[in-house]
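J.: let me see the structure of the following:
(one chain, ligands or ions: 3)
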Amino acid sequence: MSTDQEVTRIQVGGSAGTEPYEVLVGRQLLGELPALIGDKAKRVAVIHPEALADTGEALREDLAAQGYEAVAIQVPNAEEAKTAEVAAYCWKALGQTGFTRTDVIVGVGGGATTDLAGFVAATWLRGVRWVAVPTTVLGMVDAAVGGKTGINTAEGKNLVGAFHPPAGVLCDLAALESLPVHDFVSGLAEIIKTGFIADPVILDLIEEDPQAARTPAGPHTAELIIRSIQVKADVVSGDLKESGRREILNYGHTLAHAIEKNERYKWRHGAAVSVGMVFAAELGRLAGRLDDATADRHRAVLESVGLPLTYRGDQWPKLLETMKVDKKSRGDLLRFIVLDGLAKPSVLEGPDPAVLVAAYGELSA
Ligand SMILES: NC(=O)c1ccc[n+]([C@@H]2O[C@H](COP(=O)([O-])OP(=O)(O)OC[C@H]3O[C@@H](n4cnc5c(N)ncnc54)[C@H](O)[C@@H]3O)[C@@H](O)[C@H]2O)c1
Ligand SMILES: O=C(O)C(=O)C[C@@H](O)[C@H](O)[C@H](O)COP(=O)(O)O
Ligand SMILES: [Zn+2]
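T.: Numbering: from 1, shown residues only. Ligands and ions are numbered 1, 2, ... in the order given. Presented below is the predicted three-dimensional model:
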């Protein structure tokens, strides 16, 4: 990580044949965009959600003023953008613009938008360059970094996608000022995840003043974001395609994705991850791996920032069916990320079904 007065730069990748790129965290970073777009591009497509219509248009105008043939592609907010239909709409727009292999996509928005924009970039002409401009906490600390792109299907979350890293990631902290508190807090779930799996200082900083942690003006907001990105960068740099260690980033996600599907993608991802982490902590505890204090700390820190801890008890059979097609499953073997202790993630394979039910019993409402 390198820091000058205003901008922190975190390098990602660069090993195992992957192109390195940087995640920049600071303010007024759009001046960095032309260098990331590169000098070969004639056209740039700015993919943005409805909520950021003004930002998307301003960016398009800015790029047009710099001589690019710039188009803005507006997509629905949140998970409604992560569908095959919306991807097809974007492909149509690129086709009508005459988008070639040297042209560039810029994804501006939350994690749902950058997941879609990256997926469109991965699939158009079998892969074009793209730049991520995340505008939510969750997008900055997680979704825009690491090259996982994709969309949902009726059968499950992120079931279609590609590993297609961006050319760069610009995290302008000023964007967080317009984010509804509900969405800001959703991003804290992934930050807290990072605290439990790798960097417990994150938990200390949040516990110091949970109310302040809920706001962009909190004293540790930038540090929490930078620490989380650093962990993600370290993990994905060593295992882009999730053949091993990257699975730790899925802590809490096995149940979370099943809840999201069950809620027809109306719950925010971070809220589902919060409940999923309570489940994973109980699983670790009941499997005899995790101490009581660390398991209890999950509930305490998640609740202190206003994240949910429970889910409907009667939904267990449906959730279990969905979890069977989680990407970490192998054949009929269910696999979960659990903790053997604070910042000691490991894999729990094929847990006793009775332990699964008991763990769910601890969080069911
Ligand atoms: N690819 C990955 O590695 C990865 C990692 C974590 C999460 N994700 C995905 O990220 C998605 C969740 O992302 P999210 O939490 O950012 O939610 P989101 O993208 O759904 O955004 C939440 C809402 O905020 C709006 N919004 C975005 N920026 C705003 C701003 N600055 N001001 C006002 N409104 C704004 C959006 O339009 C949307 O309505 C999920 O689909 C999840 O699966 C992907
Ligand atoms: O980057 C990763 O790897 C992660 O698992 C990060 C997760 O927070 C993220 O939600 C990711 O999209 C989940 O991916 P999936 O492969 O379980 O769909
Ligand atoms: Zn996630």
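J.: return the residues of this protein in contact with ligand 2.
T.: Residues of the chain found near ligand 2 (CB under 6 Å from any ligand atom) are 142, 146, 148, 158, 190, 242, 246, 249-250, 253, 327. Backbone N, C-alpha and C define where each C-beta goes, glycine included.
J.: inside helices: which ones of the residues you listed?
T.: 190, 253 (DSSP state H).
J.: off-centre distance for the strand or helix carrying residue 321?
T.: Following DSSP states H and E, the helix or strand that holds residue 321 is helix 316-323. Remark: helix 316-323 is offset 23 Å from the chain centroid, using CA atoms, centre = their mean, to the nearest Å.
J.: returning to what we had before: and which of the residues of the chain next to ligand 2 is nearest to residue 220?
T.: Using CB to CB, residue 190 is the member of the residues of the chain next to ligand 2 that lies nearest residue 220, at 15.5 Å.
J.: thought residue 272 was touching the closest one, still the case?
T.: No - look at residue 190 against residue 272 with CB atoms under 8 Å: they stay out of range, at 11.1 Å.
J.: can you pull out the helices in the stretch 101-250 of the chain?
T.: Assigned helices in the stretch 101-250 of the chain, in chain order: 111-123, 137-138, 181-197, 201-208, 210-213, 221-238 (criterion: DSSP state H, counting those that start in this stretch).
J.: how is this protein partitioned into domains?
T.: Listed domain ranges for the chain are 2-178, 181-215+217-361 (source: automatic domain parsing).
J.: so which of these comes closest to ligand 1?
T.: Nearest of the domains of the chain to ligand 1, taken as CB to the nearest ligand atom: domain 2-178 at 2.2 Å.
J.: any idea of the mean pLDDT for the closest one?
T.: For domain 2-178, mean pLDDT rounds to 95.
J.: go on, stretch 234-243?
T.: 95.
J.: would you mind writing the CA trace of it as PDB?
T.: Taking C-alpha atoms only, stretch 234-243 is exported to PDB below (Å, rounded to 0.1, in the frame of the first residue of the first chain):
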ATOM      1  CA  ASP A 234      -3.900  -9.700  -0.600                       C
ATOM      2  CA  VAL A 235      -6.300 -12.700  -0.800                       C
ATOM      3  CA  VAL A 236      -7.300 -12.300  -4.500                       C
ATOM      4  CA  SER A 237      -3.700 -11.500  -5.600                       C
ATOM      5  CA  GLY A 238      -2.800 -15.000  -4.600                       C
ATOM      6  CA  ASP A 239      -5.900 -16.900  -5.800                       C
ATOM      7  CA  LEU A 240      -7.800 -15.000  -8.400                       C
ATOM      8  CA  LYS A 241      -9.900 -18.000  -9.500                       C
ATOM      9  CA  GLU A 242     -10.800 -19.200  -6.000                       C
ATOM     10  CA  SER A 243      -9.000 -22.500  -6.100                       C
END
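J.: and ligand 1, is that stretch touching that?
T.: No - applying CB under 6 Å from any ligand atom, one finds stretch 234-243 separated from ligand 1 by no less than 8.5 Å.
J.: residues touching that stretch, excluding its own?
T.: 11-16, 18, 145-147, 163, 165, 198, 245-246, 248-249, 327 (CB atoms under 8 Å, 6 or more residues apart in numbering).
J.: can you redo the residues of the chain next to ligand 2 as JSON lines with neighbour count?
T.: Formatted as JSON lines, the residues of the chain next to ligand 2 follow (neighbours: other CB atoms under 10 Å):
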{"residue": "142", "neighbour count": "27"}
{"residue": "146", "neighbour count": "26"}
{"residue": "148", "neighbour count": "22"}
{"residue": "158", "neighbour count": "19"}
{"residue": "190", "neighbour count": "27"}
{"residue": "242", "neighbour count": "18"}
{"residue": "246", "neighbour count": "18"}
{"residue": "249", "neighbour count": "24"}
{"residue": "250", "neighbour count": "24"}
{"residue": "253", "neighbour count": "26"}
{"residue": "327", "neighbour count": "17"}
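J.: and the residues of the chain next to ligand 2, which of them are in strands?
T.: Mapping those onto strands (DSSP state E) picks out 148, 158.
J.: let me see the ranges of the strands in the stretch 51-200 of the chain.
T.: 69-75, 104-109, 129-134, 148-153, 156-163, 168-172 (DSSP state E, counting those that start in this stretch).
J.: point to the residue nearest the middle of the protein.
T.: residue 143 (2.7 Å; CA atoms, centre = their mean).
J.: any idea how far that one is from residue 358?
T.: Using CB to CB, to the nearest Å, residue 143 is found at 32 Å from residue 358.
J.: go on, residue 124?
T.: From residue 124 to residue 358 the distance is 47 Å (CB to CB).
J.: which one of these two is surrounded by more residues?
T.: The residue with more neighbours, out of residue 124 and residue 358, is residue 124; 21 against 14, by other CB atoms under 10 Å.
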